[in-house]
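Asker: need coordinates for the below:
(one chain, ligands or ions: 1)
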Amino acid sequence: MTNSRNNDCKAFREELPDLVLTANSRPSLAAIAHMRACPPCAEEYLSFQSTFAALDSWNAPGPSAYFDQKLAVRIREEQAAPRMSWLESLRMRLLFNTGRSFRPIVVGALGLALVVGGGGIAGINYSNVSRAPQASATVNDLQILDRNEQAFQQLDELQQDDDGGTQAMPTSTGDEAPAAPPAS
Ligand SMILES: [Zn+2]
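Answerer: Model (predicted):
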């Protein structure tokens, strides 16, 4: 029972703004029926109605008789005033703005920080990524040969270590995996 009543209240409240704000509007039959059954909604409707009736009877004070003249004088003063330098106008903007105009800049900066920081966390090295396409096929082949040379050197060192009987690890980093020789 209370659930259907809540739904009725919801429907009534959706109708209420139109009812109150539209001049000479009459509540629908469903709305009248609901107001009969639901005193809080009826009270709300009546209070809105009396509030807007009071607002309708209120006359806003008009502008002073000299408003247009004063405005024209202010505009002429502004036009005659020396123009601000761009630095000064920027300063005025910073002083008097509401912060709304800087939101896109802040969002962009945060996005950039996220992209850069996220890449750092994910371990993506953008300098390597951007450098890779610049190398020509010849350079790539030479680099692969170079890496193979290093790999053979490391193998030789390992063999020497084994022959010498020491268990020392090779000093070079094992990060770079030896690439396959270029298919000729
Ligand atoms: Zn109600």
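
Asker: domain-wise, how is this structure divided?
Answerer: Domain ranges of the chain: 2-57, 97-133, 135-184, per automatic domain parsing.

Asker: mean pLDDT lowest for which of these?
Answerer: Ranked by mean pLDDT, those bottom out at domain 97-133, with a mean of 67.

Asker: how near is Arg91 to Lys70?
Answerer: Distance, Arg91 to Lys70, using C-beta to C-beta, to the nearest Å: 27 Å. To be clear about C-beta, it is placed using only N, CA and C from the backbone, and glycine gets the same treatment.

Asker: please apply the same query to Arg36.
Answerer: Applying C-beta to C-beta to Arg36 and Lys70 gives a distance of 55 Å.

Asker: the most centrally placed residue in the chain: what secondary structure?
Answerer: With distances taken as C-alpha atoms, centre = their mean, Val107 lies nearest the centre of the chain, 4.7 Å away. Following DSSP: H, G, I helix; E, B strand; the rest coil, the label given to Val107 is helix.

Asker: equivalent analysis for Pro27, please.
Answerer: coil.

Asker: give the contact list for the nearest residue to it once chain neighbours are set aside.
Answerer: Counting by C-beta to C-beta, 6 or more residues apart in numbering, Leu19 is the residue found nearest to Pro27 once chain neighbours are left out, at 5.7 Å. Residues in contact with Leu19 (C-beta atoms under 8 Å, 6 or more residues apart in numbering) are Ser25, Pro27, Ala31, Tyr45.
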